[in-house]
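Engineer: Below are the sequence and a predicted model for it; my questions follow.
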Amino acid sequence: MAVGLGAPSRSFAAGSGGGGGGGGAGRRKKKVFLHSVPTRCLIQCRTREPATKVYAVSDLHTDYSENMAWVRGLSIDSYASSALIVAGDVAETRENFAATMKLLKDRFRRVFFVPGNHDLWLRKEKGLFLHSLEKLNALLDVCRELGVETSPAVVGDVGIIPLYSWYHQSFDKEKDVSGIRIPSIDTVCKDFYACKWRQELSPKDTSLAICFDSMNEVHRDSIEQIQQNALHIITFSHFVPRQDLCPEKRMLFYPNLPKIIGSDLLEERLRLIHGANGQPSACHVFGHTHFSWDVELDGIRYVQAPLAYPRERKRRMNGGAEWLPFCIYDGALTARLTSCRWSEYYTLNKRDPNNIDLAPWVARFYQQQR
């Protein structure tokens, strides 16, 4: 479990072949870059823009008509001088992705994006892309055409840093739930067949996590400029940087969820940016699990503001839609959210990953499956 980690275990990169290479030093030497990841230099950080609000949202999933209607319903005027962080999972198809990002760019002065897993699905693309990295390049091209930003930049006094990432199953360090029949990850996680990868990459080892993490290296100089000049820094990713940003396994209808949500490399990288002990101005926005979340851990504030699926909003799993997009910055980091059921729960209750006694609602669910 990733509790208070400043750096992941050195055993992370162990393996050979498609499994992610050798140890930490070997991993850092081998860099994987996509030709179309933006490489333009950061505009001089000392050239300040007027103070602006920064909003955050993730998991728009606009392939659902209700979610696309929500985006269309955002005010044309209210956000005209503001920036928006979009922490992945915009849409499954390139067509819907482009339509969604255009709507957002029409409403916000600046829009920032990192890809999520659904953005790279190919099952409805009719053979347009050979693999998911090719689709990623196409989505980045769309972003450039629309003026959506996928590189670090400064907005007023705040630095905004997108972090590319992918999950790996060894991210899960907690005790597994036993005594019930849990479907396999391959069965439950559509990524395993909706995404396609080059031969050397696999979702079953660390190779994808390393590949996506290496994409951040091209922005090293830009990040250093931001660290030197910005008064506040907000990093963001789609995937989860530490396991204690997800409910314990006994609380989950799918207890193996932590194996497909996060990356140790992501926490390591954002700690390099914000500092091992964090700082009052440090914030990281993430997505993917659809649980609204707002908590400070080891000096960094972690926030998830998901639109999620329509059925989840009806159950208010994400806290509803009234508070979205969430204003995370307005001259300083804004007050903590009050609509985050799970992060509030763990503020009041100590996390106990060794307790694998199923929560009542989970126990009832599996009893019904028999």
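Structural biologist: Thanks, I have the structure now.
Engineer: Work out the gap between the helix or strand S222 falls within and the centre of the chain.
Structural biologist: Taking DSSP states H and E as the criterion, S222 maps to helix 220-229. The chain centroid and the centroid of helix 220-229 are separated by 21 Å under Cα atoms, centre = their mean, to the nearest Å.
Engineer: next helix or strand past that helix?
Structural biologist: strand 232-236.
Engineer: Please, where are all the strands along the protein?
Structural biologist: 53-57, 83-86, 110-113, 153-155, 158-162, 232-236, 282-286, 293-297, 300-304, 326-330 (DSSP state E).
Engineer: Let's have the ones you listed in JSON lines, adding mean neighbour count and distance to F129.
Structural biologist: All C-beta atoms are positioned from the backbone trio N, CA, C, and that covers glycine. Below are the strands of the chain laid out as JSON lines (neighbours: other Cβ atoms under 10 Å; distance: least, Cβ to Cβ, whole Å):
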{"stretch": "strand 53-57", "mean neighbour count": "24", "distance to F129": "26"}
{"stretch": "strand 83-86", "mean neighbour count": "26", "distance to F129": "21"}
{"stretch": "strand 110-113", "mean neighbour count": "24", "distance to F129": "18"}
{"stretch": "strand 153-155", "mean neighbour count": "23", "distance to F129": "28"}
{"stretch": "strand 158-162", "mean neighbour count": "26", "distance to F129": "21"}
{"stretch": "strand 232-236", "mean neighbour count": "25", "distance to F129": "25"}
{"stretch": "strand 282-286", "mean neighbour count": "27", "distance to F129": "26"}
{"stretch": "strand 293-297", "mean neighbour count": "21", "distance to F129": "32"}
{"stretch": "strand 300-304", "mean neighbour count": "26", "distance to F129": "28"}
{"stretch": "strand 326-330", "mean neighbour count": "20", "distance to F129": "32"}
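Engineer: Same list (these) but as JSON lines, adding mean pLDDT and distance to C246.
Structural biologist: Output for those, formatted as JSON lines (pLDDT from 0 to 100; distance: least, Cβ to Cβ, whole Å):
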{"stretch": "strand 53-57", "mean pLDDT": "98", "distance to C246": "18"}
{"stretch": "strand 83-86", "mean pLDDT": "98", "distance to C246": "20"}
{"stretch": "strand 110-113", "mean pLDDT": "98", "distance to C246": "23"}
{"stretch": "strand 153-155", "mean pLDDT": "96", "distance to C246": "29"}
{"stretch": "strand 158-162", "mean pLDDT": "97", "distance to C246": "22"}
{"stretch": "strand 232-236", "mean pLDDT": "97", "distance to C246": "17"}
{"stretch": "strand 282-286", "mean pLDDT": "98", "distance to C246": "10"}
{"stretch": "strand 293-297", "mean pLDDT": "96", "distance to C246": "9"}
{"stretch": "strand 300-304", "mean pLDDT": "97", "distance to C246": "10"}
{"stretch": "strand 326-330", "mean pLDDT": "97", "distance to C246": "19"}
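Engineer: out of the ones you listed, nearest to D205?
Structural biologist: With Cβ to Cβ as the measure, strand 282-286 is the member of the strands of the chain nearest D205 (22.3 Å).
Engineer: Paired strands for that closest one, with orientation please.
Structural biologist: strand 232-236 (parallel), strand 300-304 (parallel) (DSSP bridges).
Engineer: Put the alpha carbons of it into PDB.
Structural biologist: In PDB, the C-alpha atoms belonging to strand 282-286 read as follows (Å, rounded to 0.1, in the frame of the first residue of the first chain):
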ATOM      1  CA  ALA A 282       0.900  21.800  -3.500                       C
ATOM      2  CA  CYS A 283      -2.100  20.100  -5.100                       C
ATOM      3  CA  HIS A 284      -2.600  17.100  -7.300                       C
ATOM      4  CA  VAL A 285      -5.800  16.500  -9.300                       C
ATOM      5  CA  PHE A 286      -6.600  12.900 -10.500                       C
END
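Engineer: tilt between it and strand 326-330?
Structural biologist: Our comparison of strand 282-286 with strand 326-330, counting by axes from the mean of the first three to the mean of the last three Cα atoms, to 10 degrees, yields an angle of 160 degrees.
Engineer: now what about strand 282-286, what contacts it?
Structural biologist: 56, 58, 85, 87, 232-241, 245, 270, 274-275, 293, 299-305, 328-329, 333 (Cβ atoms under 8 Å, 6 or more residues apart in numbering).
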